[in-house]
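Participant: Need coordinates for the below:
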Amino acid sequence: MEIDELVERARTRVPYYRERYAGRGRLRLEDLEILDKPTVMVHAEALREDDADPEQLIAFLTSGTTGNPLPLFHYRAQRARCSMALWGARRWYGVSAARAPWCRFRGLYNLTDPRTVIEKGDCLEFYALDLSDDALAEYFDRITRHRPVWLQGRPCATGQLATWMVERGLVGPDSLRLVELTGELTITADREAIARAFPGAAVADQYGSQETWPIAYQCPEGNRHVFEDNVLLEIEGDTGEEKVLTGHAIVTNRHFTAMPLLRYRTGDIVTLDRRGCRCPRGGPVITTVHGRAADHAVDRSGGIEYTSFFQTLIDHVEQDLPGSIRRFQFVQQGLDFAVTLEPGARWAPECVERVGSALDRRFPGRRVAFEVRPTRAQTAAKYRPFIKVADPSTEDGIR
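Facilitator: Predicted coordinates:
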């Protein structure tokens, strides 16, 4: 649907837009205020289209990892249309809808079924309720027997399975062509472990949200190509003069009309490059997802750093001391840091000094406390490499 048509439909058929812009006449997208999640939470009912056919709707909640699950409504046909963009991207790696079987490694709890392994036709689903050695052994065995063509999963859970496999010298089936990672940021250690555990498969990020559905997909060059037929991606504050810019991602889905979230601030900070990619696929690309806007470290002068900064810091240490750090987490409370480093196969004690020195240079005057131990297994919650503690009374330790 053309953007102007989408805006006009919302203005005339959705109570929120009809009341908020009453008397304004025909609107353009740039005339609309940016929507954020708290606003949508308050006006969720008013954001539903008049006389929406309940038989054609899909109702669901977002994961609630920011603290408040958001109720959403999409027309089935429109959501299916958006999904076709994903199949187009998967074909870059030799995967099409006609090829089966496949696997899904989900990080969320299955609220309706206590099992951690479920077969649904061609799909073999794992629910990361249990990431013990015995459970990972079962998952590996089932994947080996299922022989999927592609596997979709949360990076943290998939990365823990892959690490378990690598430590035992195991590799996945040669049928696998693609591991698609989605739902959270992918840390370097997980990506590398997945590539080693499934050597015949490409590893690619799918970037999107429940509210907007797929936004971009990673090509073999490493860039995330924006699905321009599905979404309009803006960077907040963009003047149109810069080719490469970083800021809040503002997304409008071109197809969703049951509950249209026009100019929706996703909560992510991204870098958009309008110059495109070296690969033959056209259009703008997201070169970096820096993390959630709410998750940022602050220095004494008020300067901020997002999650990508801490991954880059660890990557630099790993360049000189490869295999030393498996996973990590930084927690900032006030101006001080608590850092957990999970030892890798080639742990070097000097990693603590290297990470501390890097924090000294960027955040002078802060205090830092280190723990060297395994990070807690991630199941239902998304893996968070960085956590900002706003209220010390709510802190319950490093997760």
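
Participant: Count the residues that sit near residue 292.
Facilitator: Using other C-beta atoms under 10 Å as the criterion, residue 292 is surrounded by 20 other residues. Every residue, glycine included, has its C-beta placed from N, CA and C.

Participant: How about the one 10 residues further on?
Facilitator: The tally of other residues near residue 302 (other C-beta under 10 Å) stands at 6.

Participant: So it lies in a strand, does it not?
Facilitator: No: under DSSP: H, G, I helix; E, B strand; the rest coil, residue 302 falls outside any strand and is assigned coil.

Participant: isn't residue 162 right up against residue 191?
Facilitator: No: counting by C-beta atoms under 8 Å, residue 162 stays clear of residue 191, with 9.2 Å between them.

Participant: So if I had to pick from the two, which one is more boxed in?
Facilitator: A direct count of neighbours by other C-beta under 10 Å for residue 162 and residue 191 places residue 162 higher, at 29 against 18.

Participant: List the contacts of the more buried one.
Facilitator: 190, 193-194, 196-198 (C-beta atoms under 8 Å, 6 or more residues apart in numbering).

Participant: hmm, 10 Å instead?
Facilitator: Neighbouring residues of residue 162 by C-beta atoms under 10 Å, 6 or more residues apart in numbering: 136, 140, 153, 155, 170-172, 179, 189-198, 203.

Participant: Likewise for residue 304?
Facilitator: Here residue 304 is in contact with 269, 293, 296-298, 388 (C-beta under 10 Å, 6+ apart).

Participant: just these now: which is nearest residue 312?
Facilitator: residue 297 (12.7 Å; C-beta to C-beta).

Participant: element containing that closest one?
Facilitator: strand 296-298 (DSSP states H and E).

Participant: which residues touch that strand?
Facilitator: With C-beta under 10 Å, 6+ apart, strand 296-298 has contacts from 269, 290, 303-307, 309-310, 330-332, 334-335, 337, 359, 362-363, 366, 386-388.

Participant: List buried residues within the residues you listed.
Facilitator: 269, 290, 305-307, 309-310, 330-332, 337, 359, 363, 366, 386-388 (16 or more other C-beta atoms under 10 Å).

Participant: Now do the residue nearest the centre of the chain, the pLDDT please.
Facilitator: Most central in the chain under C-alpha atoms, centre = their mean is residue 184, positioned 3.2 Å from the mean C-alpha point. Per-residue pLDDT puts residue 184 at 89.

Participant: For it, which non-adjacent residue is closest in space?
Facilitator: Excluding the flanking residues, the one nearest residue 184 by C-beta to C-beta, 6 or more residues apart in numbering is residue 382, at 4.2 Å.

Participant: pretty sure that neighbour belongs to a strand, no?
Facilitator: No: applying three-state DSSP, one finds residue 382 to be coil, outside a strand.

Participant: Run a quick check on it versus residue 182, I expect a contact.
Facilitator: No: contact criterion C-beta atoms under 10 Å: residue 382 and residue 182 do not qualify, at 11.1 Å.

Participant: Please give the centre-to-centre distance between the lowest-mean-pLDDT helix or strand in the chain and its chain.
Facilitator: Counting by mean pLDDT, DSSP states H and E, the weakest-scoring helix or strand in the chain turns out to be strand 57-61, with a mean of 85. In terms of C-alpha atoms, centre = their mean, to the nearest Å, the centre of strand 57-61 is found 20 Å from the chain centre.

Participant: Dump that strand to PDB, restricted to CA.
Facilitator: Coordinates of each C-alpha in strand 57-61 appear next as PDB, following Å, rounded to 0.1, in the frame of the first residue of the first chain:
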ATOM      1  CA  LEU A  57      -7.300 -10.900  12.800                       C
ATOM      2  CA  ILE A  58      -4.300 -12.400  14.600                       C
ATOM      3  CA  ALA A  59      -4.100 -11.200  18.200                       C
ATOM      4  CA  PHE A  60      -0.900 -11.600  20.200                       C
ATOM      5  CA  LEU A  61       1.400  -9.900  22.700                       C
END
